[in-house]
Each structure stands twice: as C-alpha cells, then as structure tokens.
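Q: 3D model of this:
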Amino acid sequence: MSKYRTLGQVTAEYFKEHPEEIEDFLTENFAEYAEDGDSAALLSALRIVARVKSVSAIANEIGMTRHGLQKALSAKGNPRLDNINSIMRAMGYRLVPQKVEEPAG
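A: Prediction:
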C-alpha cells in the first residue's frame, strides 16, 4: 500500500525548492484572510512556511516548544497576535498595515 503525501507536505517541499516564492504566498494568504476571515487557511499557510523554515528552529527562537508552535498553527489554533508577530519575525517577515482601497463610486 502506498503512502500518499498531504497537500501541505507537497507545498512545503515546493517552497523548499523555490524559497523566493514564499513572500508572495504569504502576501496572498494574508490578503485572502483580510477578505474572508478564514483563520484556519491562514494558519495552514503559516504552518507550511514553518515547515520550510524548520518548526524546531522557529519554536526555539520564539521561546515555544515545537508542540506548542504546531498547536498554535493548527486548524483549531487560536494564537495571540503577539505570537503571530513572533512567528512571522522568526520566519523573516513582519506584519505591516496596508490601507484598504475604497470602492469607486
């Protein structure tokens, strides 16, 4: 019986081979979150990038356990804003505001 890889595993493998595309991936996922508020999808994207960057290294850098980081980034996770900020910084990014364009009319 063959073992199938999850979409998250395939995506993480892709970004390991194409790290220059991570920023666009994160930008798009944060933009989608701003529109639909789907935190599970956003956390999934962060989990994928954490796998690429090393969950253990990120957890150590921000003072969390590996399990704690995985739990925070799980579909049922509910991390605090300061945790998301720390995770983003450990991955080499930061949270910044972006003005919402008002529809014409």
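
Q: contacting residues for the residue nearest the centre of the chain?
A: Against the mean C-alpha coordinate of the chain, by CA atoms, centre = their mean, the closest residue is residue 46 at 1.1 Å. Applying CB atoms under 8 Å, 6 or more residues apart in numbering to residue 46 gives the contacts 26, 29, 73, 84, 87, 88, 91. Backbone N, C-alpha and C define where each C-beta goes, glycine included.

Q: try 7 Å this time
A: By CB atoms under 7 Å, 6 or more residues apart in numbering, residue 46 lies in contact with 73, 87.

Q: so what's it scoring on pLDDT?
A: Looking at residue 46, its pLDDT stands at 97.

Q: one more: the one 5 residues further on?
A: Confidence at residue 51, expressed as pLDDT, is 95.

Q: that one: neighbour count?
A: 19 (other CB atoms under 10 Å).

Q: so it makes contact with residue 11?
A: No. With contacts counted by CB atoms under 7 Å, residue 51 stays clear of residue 11, the gap being 8.8 Å.

Q: residue 71 against residue 77, yeah?
A: Yes. In this structure, residue 71 is within contact of residue 77 by CB under 7 Å, at 6.0 Å.

Q: more neighbours: which of these two?
A: residue 77 (18 against 14).

Q: Three-state assignment for the closest residue to that one other than its chain neighbours, please.
A: Distances taken as CB to CB, 6 or more residues apart in numbering put residue 43 closest to residue 77, at 5.4 Å, once the chain neighbours are dropped. With DSSP: H, G, I helix; E, B strand; the rest coil as the basis, the three-state label of residue 43 is helix.
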